[in-house]
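**Q** below is the structure, and that's it, no one-letter string:
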């Protein structure tokens, strides 16, 4: 029998497992065939520029997570960071937005998994399935992640390590081959704004899906109560994950662009899996099936990493009796996993996948949720940037460069893609996510006001539980 309101397994995972928690959620192979394809649909031949700008923004944003991780270790991640820096009420509000971000992140990837299997069977074997056939494949992925996450954090991260490392190496080899075959067509044009058919507007929207691919680096933060030497482990893992995987994204984005044809990229995103199509035509069916296996594995690993991060924030909020039921803080008697939070998130994912998938289709639904997810995570990161400055000023360790200038630059860079999701107004359904986010933000304010009015003490104590024995007191 599980026991109530338990503790997670402390000092249970090491550096490499924490690193691949971030790497797996960033999904090296998955993003190469999904996030970069979505980015190309907006920026065409300038897609690599959008990815490069997303990398720069993510490096500045990663500094915020690194600096917080040096002082605070908690399953609450950004929720706890903001609570410690800007006060409990702001922290709870951040937790509310984070629930939207990761709550739809896993369904987005599960939708893509269904689309992926359907497309691979069509492209590789000529099997034309009914339009609804993505759904059972998505359901299988959701149930598998539910099962493996209950077993504990270590098995799921070991799976992610093996899958992530293999797909990273194989995709780099593919990129080298594509660049070599492009020969004289290699140039710096993919990094020039004029290559985008819609100028900076297209590049800004490409940044949205570049940041969508990069967003996973923050998945290491909720492992703060389970990682060995968490303050150093998480900081190192986040920096290496962003830098290495970020350069890989730029490299693969460039290789895809010159391999397909810089001025032909308008047709790139019109195919289901253009990078795999290019590999099939350039290198043969053996490479197609190798990439197919790796992307399938990588997608499952990515969903698992997202799921692991989300359920630990649900656990932390439940432990603090904020926003979610107290039972979310239950942990399994054997595996020490937050099994109630896992059950809740798994069922919610299946409901979202079913509703959005049958409304828009599997790939269009993935893009729709991806935009909403990216906008919500940008808001979370902006709030963390502001809180970092306040936190280090309060504890008397403020340094202008890493605690003031870097987070300010990250915020400005994050505002750029937010602007271009609003102006000019994108076509349906890409115009809807900003309004859904606005509705979620307003609902959170209403909910926060109601909790504070009925039980102000619960709000004041939010985000105070960390693994530190002498953590800083909440500023109120």
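**A** Looks like it came in fine. No experiment lies behind these values; they were computed from the predicted model shown.

**Q** the nearest residue to residue 346 once chain neighbours are set aside: what's it in contact with?
**A** Excluding its sequence neighbours, the residue lying closest to residue 346 (Cβ to Cβ, 6 or more residues apart in numbering) is residue 146, at 4.0 Å. Yep, even glycine has a C-beta here, placed from its N, CA and C like the rest. When contacts are counted by Cβ atoms under 8 Å, 6 or more residues apart in numbering, residue 146 touches 342-343, 346.

**Q** among those, who's most crowded?
**A** When these are compared by neighbour count (other Cβ atoms under 10 Å), residue 342 ends up highest, at 26 neighbours.

**Q** average model confidence for the helix or strand hosting residue 36?
**A** In this structure, residue 36 is located in helix 35-43 according to DSSP states H and E. The average pLDDT within helix 35-43 is 91.

**Q** what does stretch 296-316 give?
**A** On average, stretch 296-316 scores 84.

**Q** and it, what's buried?
**A** 296-316 (16 or more other Cβ atoms under 10 Å).

**Q** and after whatever helix or strand residue 250 lives in, which helix or strand comes next?
**A** Per DSSP H and E: residue 250 is located in helix 230-260. Counting by DSSP H and E, the element after helix 230-260 in chain order, helix or strand, is helix 274-283.

**Q** which helices and strands does the helix or strand following that next one pack with?
**A** The C-terminal neighbour of helix 274-283 among helices and strands, as given by DSSP H and E, is helix 285-319. Contact analysis of helix 285-319 by 3 or more Cβ pairs under 8 Å, 6 or more residues apart in numbering; DSSP states H and E lists helix 15-26, helix 28-33, helix 78-86, helix 88-125, helix 134-150, helix 153-182, helix 274-283, helix 339-360 as its packing neighbours.

**Q** which parts of the fourth one are buried?
**A** If I follow you right, that is helix 88-125. By neighbour count, and taking 16+ other Cβ under 10 Å as the criterion, the buried residues in helix 88-125 are 88-121, 123.

**Q** same question for that helix, mean pLDDT?
**A** Averaged across helix 88-125, pLDDT comes to 92.

**Q** now do that helix and helix 285-319, the angle between them.
**A** Counting by axes from the mean of the first three to the mean of the last three Cα atoms, to 10 degrees, helix 88-125 lies at 160 degrees to helix 285-319.

**Q** for the residue lying farthest from the centre of the chain, give me its contacts.
**A** Counting by Cα atoms, centre = their mean, the extreme residue of the chain relative to its mean C-alpha position is residue 184, 35.8 Å from that point. Applying Cβ under 8 Å, 6+ apart to residue 184 gives no contacts.

**Q** quick revisit: mean pLDDT for the helices and strands packed on helix 285-319: which is lowest?
**A** Ranked by mean pLDDT, the helices and strands packed on helix 285-319 bottom out at helix 15-26, with a mean of 78.

**Q** which other helices and strands does that one contact?
**A** Applying 3+ Cβ pairs under 8 Å, 6+ apart, one finds that helix 15-26 makes contact with helix 153-182, helix 230-260, helix 285-319.

**Q** now it: buried residues?
**A** Residues of helix 15-26 classed as buried under the neighbour-count rule (16+ other Cβ under 10 Å) are 15, 17-26.

**Q** how far does that helix sit from the chain's center?
**A** Remark: helix 15-26 is offset 12 Å from the chain centroid, using Cα atoms, centre = their mean, to the nearest Å.

**Q** can you tell me the closest non-neighbouring residue to residue 151?
**A** Closest residue to residue 151 in three dimensions, ignoring its sequence neighbours and counting by Cβ to Cβ, 6+ apart: residue 335, at 5.6 Å.

**Q** where does that neighbour sit, in terms of helix or strand?
**A** For residue 335, no secondary-structure element claims it when assigned by DSSP H and E, so it is in no helix or strand.

**Q** gap between it and residue 268?
**A** For residue 335, the distance to residue 268 equals 43 Å [Cβ to Cβ, to the nearest Å].

**Q** which one's more surrounded, these two?
**A** Relative neighbour count places residue 268 above the other of residue 335 and residue 268, with 23 against 18, counting by other Cβ under 10 Å.
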